[in-house]
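[1] my questions concern the predicted model and sequence given below.
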Amino acid sequence: MNAMRGAAAYGRGASTYAKVGVESGVMSASPHRLIVMLFDGAQAAIRAARIHLEAGNIAEKGTSISKALDIVNNGLAAALDAERGGEVAENLASLYDYIVRLLLSANRHNDVDKLDEAERLLDDIASAWREIEPQTAEG
């Protein structure tokens with residue numbers, strides 16, 4: 001029984017430590033790095049959704065897709081600046097909208113192919129975003 005309590009306490013401690021690490025990373029990140037973290041989070045949530053779907057864990061799949069949707073809608077899409085970004089921001093908004101529709105359809109129909117397509121699109125955008133990082137850091 002004590003070993004069980006010790007393991008549970010360790011798990012809570014590790015979880016708290018990880019949360020503090022993430023919060024510290026967010027607090028010290030540049031705006032560019034925050035967007036990279038959003039891409040990473042959305043892609044991780046989609047990968048988790050795929051794993052849950054393939055394992056038949058439908059509730060967990062839904063939770064993971066909801067997390068990805070939240071990141072795309074309330075993180076990536078919300079960060080777009082239509083005034084300053086012009087056509088690029090409009091195109092990204094349309095692409096994020098399409099990704100959201102893919103994720104909703106994947107959730108509704110348990111469709112791994114739609115999850116894969118959403119992840120590929122996010123990866124393409126994230127790769128381009130990472131490539132501009134040195135230019136942003138330099139000035």
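    In hand now; what should we look at? Numbers count the residues shown, from 1 in each chain.

[2] can you give me the helices in this protein?
    Counting by DSSP state H, the chain has helices at residues 2-28, 31-55, 58-71, 82-109, 112-131, 133-138.

[3] name the nearest residue to the residue nearest the centre of the chain, sequence neighbours excluded.
    Closest residue to the average C-alpha location of the chain: residue 42 at 1.4 Å, with Cα atoms, centre = their mean. Nearest residue to residue 42, sequence neighbours excluded (Cβ to Cβ, 6 or more residues apart in numbering): residue 71, at 4.2 Å. All C-beta atoms are positioned from the backbone trio N, CA, C, and that covers glycine.

[4] in this structure that neighbour contacts residue 40, no?
    No. Between residue 71 and residue 40 there is no contact under Cβ atoms under 8 Å: 9.4 Å.

[5] looking at the two, which is more packed in?
    residue 71 (23 against 13; other Cβ atoms under 10 Å).

[6] next, the contact list for that one, please.
    38, 41-42, 45 (Cβ atoms under 8 Å, 6 or more residues apart in numbering).

[7] quick check: of these, which lies closest to residue 31?
    Comparing the contacts of residue 71 against residue 31 with Cβ to Cβ places residue 38 closest, at 10.9 Å.

[8] that closest one contacts residue 74, correct?
    No. The criterion here is Cβ under 8 Å, and residue 38 misses it with residue 74 at 9.5 Å.

[9] who's more crowded, those two?
    Just comparing residue 38 and residue 74: by other Cβ under 10 Å the higher neighbour count belongs to residue 38, 20 against 11.

[10] identify the residues contacting the more buried one.
    71, 75-76, 79.

[11] low-confidence stretches in the chain?
    1-28, 133-139 (pLDDT under 70).

[12] how about stretch 115-131: buried residues?
    For stretch 115-131, the neighbour count (16 or more other Cβ atoms under 10 Å) marks 115, 117-119, 122, 125-126, 129 as buried.

[13] do the same with stretch 55-68
    By neighbour count with 16+ other Cβ under 10 Å, stretch 55-68 contains the buried residues 61-62, 64-65, 67-68.

[14] brilliant, that's me finished.
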